[in-house]
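Undergrad: Could you look at this predicted model? Sequence included:
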Amino acid sequence: MATIYDVAALAGVSPATVSRVFNGANVSGPKAAAVRKAATQLRFTPNRAARTLRTQSAEVIALVIPDIENPYFTEMARGVEDVASEAGFSVVLCNSDAQTEKESTYLDIAVAEHMSGVIVAAASSDSDLTPILQAGRPVVAVDRGVRHDIDGVVMANRDAGRAAAAHLLQSGHRRIAYIGGPEEIDTAAERAEGWWQAHREAGVPEPAELLRFSSFRVAGGRTAMEELLALPEPPDAVVAGNNLIGVGAIQVLTEHGLTPPRVGVAVIGSLPFTTLSPTAVTVVRLPARHMGVTAARMLLERIRGDLQPARTVVLRNELQPASASASPRS
């Protein structure tokens, strides 16, 4: 592998001149051209690690998410990468599996590797971002809040839960369940609050026995839906708190011969996969890619020295009703 000394020898300049060229310093045209020509011939690449030692930060950002298998987060990652790449930054994708221990490890790595900043969808309400913040690196929270006073990009979660439940109520359903992720995650709790709100606004008794908090995964949707169907008076509709919960709930309904629209289903987040017609289920679309784009732009502003107070951007959702509404089950 060619070194800076090899480039200097071929270009007929000093190693210091080669260093100045690749660090953007002022070097005469002929010398700079000779250095770049020699570097091309030798396939020389400037040492990013050495550059990091000088600047105390690498042109790399970390994106820490709780579930890499969830298309919602991969769509968000695409938005982050689009913006970062255009700005000359690389993105390291870290999957915490919703475990604070793994999350802490990735944050420690971000500090050790002198990464320029971090975008994080917190593993839990107990997530501790102190190490990366104490290192002076900017952090942007996405999808859910954190206990630190930092920038954030979130969805209008209460509105999403309210819109999903209100549509089912307007379609004639009266026993509408809600299945959310862990109650301590504000994304799940706020969407449940929206579900409650829709019932109050419609003057329909709030069915507390139909509220379930589980995990944000397919298994969570399956388990909760089985419990709901086992009730003496099962629900005639269900709001799924995220896309994977929706998949699990629909699987169980189908296995019980209750394929939508026989039982109404509204899913917060686009379904990643299903054997149903996409028009059989109401979907509250969440702009995940736009969330990633917004978070990356905010992070880059901080990296470039923006010192304004922490701010939170709330993104709106879009209701896509099912083409045919189910009647309340007899």
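TA: Nice, thanks for sending it over. Residues are numbered from 1 along each chain as shown.
Undergrad: Go through stretch 169-180 and flag the buried ones.
TA: 169, 171, 173, 175-180 (16 or more other C-beta atoms under 10 Å). (C-beta placed from N, C-alpha, C; glycine too.)
Undergrad: Kindly report the same for stretch 187-203.
TA: Applying 16+ other C-beta under 10 Å to stretch 187-203 flags 187-199 as buried.
Undergrad: what do you get for stretch 62-75?
TA: Buried, per 16+ other C-beta under 10 Å, within stretch 62-75: 62-67, 70-75.
Undergrad: farthest-separated two in the buried residues of stretch 169-180?
TA: Ser171 and Gly180 (20.9 Å; C-beta to C-beta).
Undergrad: The residue most central in space within the chain: which element?
TA: In the chain, the residue lying closest to the centroid (C-alpha atoms, centre = their mean) is Phe73, at 4.3 Å. Assessed by DSSP states H and E, Phe73 sits inside helix 71-86.
Undergrad: which is the next helix or strand following that helix?
TA: Once helix 71-86 ends, the next helix or strand along the chain (criterion: DSSP H and E) is strand 90-95.
Undergrad: Quick check: mean pLDDT of the helix or strand following that following strand?
TA: Downstream of strand 90-95, the first helix or strand assigned by DSSP H and E is helix 100-112. Mean pLDDT, computed over helix 100-112, is 92.
Undergrad: Repeat that for stretch 317-330.
TA: 66.
Undergrad: and what of stretch 198-205?
TA: 95.
Undergrad: List the contacts of stretch 202-217.
TA: 66-67, 70, 98, 166, 169-170, 174-183, 185, 188, 192, 195-196, 199-200, 220-221, 223-224, 227-228, 231, 235, 241-242, 244-245, 248 (C-beta atoms under 8 Å, 6 or more residues apart in numbering).
Undergrad: Please, where are all the strands along the stretch 201-330 of the chain?
TA: 211-213, 237-240, 264-268, 282-285, 312-315, 318-320 (DSSP state E, counting those that start in this stretch).
Undergrad: Can you tell me how far the closest residue to Ala237 other than its chain neighbours is from Val238?
TA: Residue nearest to Ala237 in three dimensions, not counting chain neighbours: Gly264, with 3.3 Å by C-beta to C-beta, 6 or more residues apart in numbering. From Gly264 across to Val238, the span is 7 Å (C-beta to C-beta, to the nearest Å).
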